[in-house]
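[1] what shape does this take:
(chains A and B)
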Amino acid sequence: AQSVSQHNHHVILSEAASLELGCNYSYGGTVNLFWYVQYPGQHLQLLLKYFSGDPLVKGIKGFEAEFIKSKFSFNLRKPSVQWSDTAEYFCALGGFKTIFGAGTRLFVKA
Amino acid sequence: KAGVTQTPRYLIKTRGQQVTLSCSPISGHRSVSWYQQTPGQGLQFLFEYFSETQRNKGNFPGRFSGRQFSNSRSEMNVSTLELGDSALYLCASSSRGTRENNEQFFGPGTRLTVL
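    Below is the predicted model of the structure:
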């Protein structure tokens, strides 16, 4: 069965700190992987996606993620967070039905 | 392009009632998926419709149903509402033409409160 696991449910960082959010998936086939973000009061929106090719993918707002097939991981990173990055982040495994992780709430202290 | 729209945005119902939620996908998108979002369970997949056919279904009881019209608009119905159905219901559309096109675009959601 497909599943997505996000390691941290709540993360608190100070501005300028580096961010890494963990995501592991379980699926034996070809993977489509996504990170979505939900800012307070806003729609879910796509940060970045991986389908094939370069395992290091870059998304919007300075975010990037690395697909490591051997570890079944797709961790999200940002070198220096800003207060405006405060949001909930979801890792998702795409396919015939998209499976979302439980989400990680990030709070960035100004 | 206009985004995914959902109506109504907020809804209050009582136990035992039924409710219908509506979703209009991005123009040209033929796939519409529905999700339930709650603080405890996160985002859970309800079902997906493509070209008026239900193509995938999550693990929800039969009280949850949906349909899609020829213009790709979709409706979701919940019958015999229970308190636990209180949630944000999200609709997402995608073009679903190829693997690369299964990126989903989400609407703002309908906040359903069951009293």
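[2] spatially nearest residue to residue B:55 (excluding sequence neighbours)?
    Excluding its sequence neighbours, the residue lying closest to residue B:55 (Cβ to Cβ, 6 or more residues apart in numbering or on different chains) is residue B:48, at 5.1 Å. C-beta: built from backbone N, CA, C; applies to glycine.
[3] just the mean pLDDT for the strand or helix carrying the one you found, thanks.
    The secondary structure element spanning residue B:48 is strand B:42-50 (assigned by DSSP states H and E). The pLDDT scores in strand B:42-50 average 91.
[4] next one: it to chain centre, how far?
    On the basis of Cα atoms, centre = their mean, to the nearest Å, strand B:42-50 sits 7 Å off its chain's mean C-alpha point.
[5] what of stretch A:53-73?
    When C-alpha coordinates are averaged (Cα atoms, centre = their mean), stretch A:53-73 and its chain have centres 9 Å apart.
[6] just stretch B:44-55 next, same as before
    Centroid displacement of stretch B:44-55 relative to its chain, using Cα atoms, centre = their mean, is 9 Å.
[7] tell me which helix or strand comes right after the strand holding residue B:48.
    Counting by DSSP H and E, the element that comes right after strand B:42-50 along the chain is strand B:53-57.
[8] now do the end-to-end distance for stretch A:85-101.
    19 Å (Cα to Cα, to the nearest Å).
[9] next, the buried residues of that stretch.
    Of all the residues in stretch A:85-101, those buried under the rule 16 or more other Cβ atoms under 10 Å in any protein chain shown are A:85-95, A:97-101.
[10] and what of stretch A:34-51?
    Judged by neighbour count using 16+ other Cβ under 10 Å, the buried positions of stretch A:34-51 are A:34-38, A:43-44, A:46-51.
[11] what bridges to the residue nearest the centre of chain B?
    Centroid-nearest residue in chain B, with Cα atoms, centre = their mean: residue B:34, separated by 2.9 Å. Counting by DSSP bridges, residue B:34 is bridged to residue B:47, residue B:91.
[12] so it makes contact with residue B:66?
    Yes. Counting by Cβ atoms under 8 Å, residue B:66 is a contact partner of residue B:34 at 6.1 Å.
[13] identify the contacts common to those two.
    Each of B:46, B:47, B:74, B:76 lies in contact with both residue B:34 and residue B:66 under the rule Cβ atoms under 8 Å, 6 or more residues apart in numbering or on different chains.
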